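Visitor: Structure for this input, please:
(chains A and B)
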Amino acid sequence: MTTTTKRPRGARTKLRRRVAGLLALGFGLLSAGMLFAAFAPQAQTAQAQQQDALVRQGEQIYLNTCLSCHGSSLEGVEGRGPSLVGVGDAAVYFQTSSGRMPMARQEAQAIRKPAKLSPEQVNALMAYITANGGEGPKKPSESGEALRGDNPARGGELFRLNCASCHNFTGRGGALSSGKFAPALDGVSEEQIYTAMLSGPQNMPKFGERQLTPEEKKDIIAYVKSVTDGKNNSGGNALGGFGPVSEGLIAFIVGIAALIGVTLWIGAKA
Amino acid sequence: MSGDKPVELPSEAELAEMSRDELVRLGTKMDGVELVHYEEKFPVAGTRAERRAQRSVAAWFLVSALSGIAFLGVFLFWPWEYESPSNETAHFLHNLYNPLIGLFLGLSVFGLGIGALLYTKKFLPDELAVQQRHDGPSTQVDRATLVAELADAGDRSGIARRSLIKRTAGLGAGVLGLGVAAVPLGALVKNPHSDSETKNSLWHTGWKAEKGEKVYLRRHTGNFHEVSLVRPEDVEPGGFETVFPFRESERDDEHALVAALKRADAPVMLIRMRPNQAITKRAGQEDFNYGDLYAYSKICTHLGCPTSLFEQQTGLLLCPCHQSQFDVFEYAKPRFGPATRPLPQLPITVDEDGYLVARSDFIEAVGPAFWERKS
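Guide: Model (predicted):
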């Protein structure tokens, strides 16, 4: 056995060496090609061209839908709309994807409505505003569930400290001055909550990344997502989410009515 | 007692002969009660109707027993611990815990009650009884004898003659009474605010520097034991943040770290104005801000609610309790609502390490008015 296996083994090692050499060569060629592809100047120009196209598309959208209130060079128009210089793409994303912009009319505050711009148009507009208005707060690269932190309890603590005074402790919203209001947070996407905290739309204060770190913001989003969209209705109905006032009132009215009803019934049967 | 016809009492021999039925009749008669109508619900035992009535009562008691068992089962074995909504079935089951406990316990009590009610309705005999009304006071004799008995009992105790016991008893009761009265009356005698220079007096807050120690601005990160100090660049223009006092000596004192976040007079709103915002400062407080950063007490000067509804464009701080509005573009002066005084401003600056610190305590008392406060 030992003699018969010796010769093929020698042949095999030679074969193996050849295959290994071929593989190494192929690998080297491939990585060189990939490196070339990554650093090749054409790729950059292509990307830049793509970016240019996006900005041009965004410019068209801006001219059609935003110009009358925000001015021809993003400087804003007195009494109509604020300047968009330095607002960043987070603000553009929040305002347009939530349908607040373009506004239907001038009123106490822009309200949420079905988005008028498609996601592609929003992207183009974001590119245009950052290209012309400079960098500002940036929309996070993650989206959806990836923006939910893993500690909704801490998120709840932070929400009650920073957000609950206006938005209510389970995100039901509430009144502000002169017809303005903090909206309820039902059906608001993770990206919108994040960009709203970053950009401080309308009368909402800004919460920068150094004040609330990205992790803290994600925890807050996890908390909001765990109490909104009908997820906090242990009793079947949230009763407005105001807490003990409405709950106590309903319990009192329903409970007392039931007691009176039963009493009357017993009295009638006796 | 009831009236005109005194009841004829039976002799001892007659009493021994009487049946229970007769005894009952005699007893009610002595109480002045007369049965006018009496009818058994089921005069013939064992009819189908009687058995049906029995079953319906028993069914309610069974319902009560079963739901009692169900209540125990849910209470002991149901998954009661909180589940996040992302875990849909577990969250749903957790949500059912409270309603189920209430349902089964309620049903158990309800079944017991309805069973008892049905039993009295279906099985107790129909009877109509008339009782003569007892009117007027007790007779002259009854009243005179009762008074004599009470006076006699007092006399016999001999307390009137034993003055030592009387006096010591009075002393004991009097001292106890004084002790009880001292609690509510004490605060009216001693002025709790006479020492106005401690941070626990109404005139000062947790921001008061003690022994020359620096008081930093600290943010609450959701973790009560974490120390996160605030730097000027942390707050964006148009942003605001609630801050609390912190001293280096508190760093390893967990109790003090938690207490600082919970002190009622401590919360301060650190607001960063947007650039080029026109600000009117209060006379004498022109240097209380640090650049665009202004720090105002969060305690409403009306009744002490947190005024943390900040509108960054209009610069209004709203109080949710009674709708007071304060204008941060004009030294947090009240614009609307029942508050009459501006929110006190905390003088702040930056130390050599770039952290925000309080230059001193508030120069006036924070929060609602109190008796000794003159403005």
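Visitor: Please parse chain B into its domains.
Guide: Using the TED database, the domains assigned to chain B come out as B:32-131, B:152-180, B:215-358.
Visitor: what about the stretch 201-350 of chain B, any weak spots by pLDDT?
Guide: Nowhere does the stretch 201-350 of chain B drop to pLDDT under 70.
Visitor: What residues does it have near chain A?
Guide: Contact residues, the stretch 201-350 of chain B versus chain A (C-beta under 8 Å from any C-beta of the partner chain): B:219-223, B:231, B:233-242, B:306, B:308-314, B:316, B:318, B:320, B:325, B:336. To be clear about C-beta, it is placed using only N, CA and C from the backbone, and glycine gets the same treatment.
Visitor: Residue 218: neighbour count?
Guide: Because you didn't say which chain, this covers chain A. Using other C-beta atoms under 10 Å in any protein chain shown, residue A:218 has 24 neighbouring residues.
Visitor: meant chain B, my bad for not saying
Guide: Neighbours of residue B:218 under the rule other C-beta under 10 Å: 23.
Visitor: could you point out which element follows the helix or strand hosting it?
Guide: Here residue B:218 sits within strand B:215-219, counting by DSSP states H and E. Scanning forward in sequence from strand B:215-219 by DSSP H and E, the next helix or strand is strand B:228-229.
Visitor: in its sheet, what does that following strand sit against?
Guide: Paired neighbours of strand B:228-229 in the sheet (DSSP bridges): strand B:215-219 (antiparallel).
Visitor: contacting residues around the strand it pairs with?
Guide: Here strand B:215-219 makes contact (C-beta atoms under 8 Å, 6 or more residues apart in numbering or on different chains) with A:211, B:207-209, B:227-230, B:234, B:241-247, B:260, B:268, B:270, B:295, B:348, B:355-358.
Visitor: Go through those residues and flag which are in strands.
Guide: Among the contacts of strand B:215-219, DSSP state E puts B:228-229, B:241-246, B:268, B:270, B:295, B:348, B:356-358 in strands.
Visitor: what's the angle between the strand holding residue B:218 and strand B:240-246?
Guide: 130 degrees (axes from the mean of the first three to the mean of the last three C-alpha atoms, to 10 degrees).
Visitor: on that earlier part again, can you select the buried ones among the residues of the stretch 201-350 of chain B next to chain A for me in ChimeraX?
Guide: Entered in ChimeraX, the line below selects the buried ones among those, by 16 or more other C-beta atoms under 10 Å in any protein chain shown:
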select /B:219,220,221,222,234,235,236,237,238,239,240,241,242,306,308,309,310,311,312,313,314,316,318,320,325
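Visitor: Tell me both backbone torsions, phi and psi, for residue B:127.
Guide: When read as degrees, to the nearest 10, the backbone of residue B:127 gives phi -140, psi 150.
Visitor: what about the residue nearest to it when sequence neighbours are not counted, distance to chain A?
Guide: Leaving aside its sequence neighbours, residue B:127 sits nearest to residue B:38 (C-beta to C-beta, 6 or more residues apart in numbering or on different chains; 4.7 Å). Distance, residue B:38 to chain A, using C-beta to the nearest C-beta, to the nearest Å: 17 Å.
Visitor: where exactly do the helices run in chain A?
Guide: A:2-39, A:41-65, A:67-70, A:88-97, A:119-133, A:152-162, A:164-167, A:190-199, A:214-227, A:244-269 (DSSP state H).
Visitor: buried sites along the second one?
Guide: Okay, so that is helix A:41-65. So, applying 16+ other C-beta under 10 Å, buried residues of helix A:41-65: A:54-55, A:57-59, A:61-62, A:65.
Visitor: Need phi/psi at residue B:34.
Guide: Dihedral pair for residue B:34: phi -130, psi 130, per degrees, to the nearest 10.
Visitor: Leaving out chain neighbours, which residue sits closest to it?
Guide: Closest residue to residue B:34 apart from its sequence neighbours, by C-beta to C-beta, 6+ apart: residue B:130 at 5.0 Å.
Visitor: what's the next secondary structure element after the helix or strand hosting that neighbour?
Guide: Using DSSP H and E, residue B:130 sits in strand B:126-131. Once strand B:126-131 ends, the next helix or strand along the chain (criterion: DSSP H and E) is helix B:140-157.
Visitor: continuing past that next one, what's the next helix or strand?
Guide: That would be, after helix B:140-157 and using DSSP H and E, helix B:163-189.
Visitor: Please state the offset of that next one from the chain centre?
Guide: Mean C-alpha position of helix B:163-189 versus that of the full chain (C-alpha atoms, centre = their mean, to the nearest Å) differs by 31 Å.
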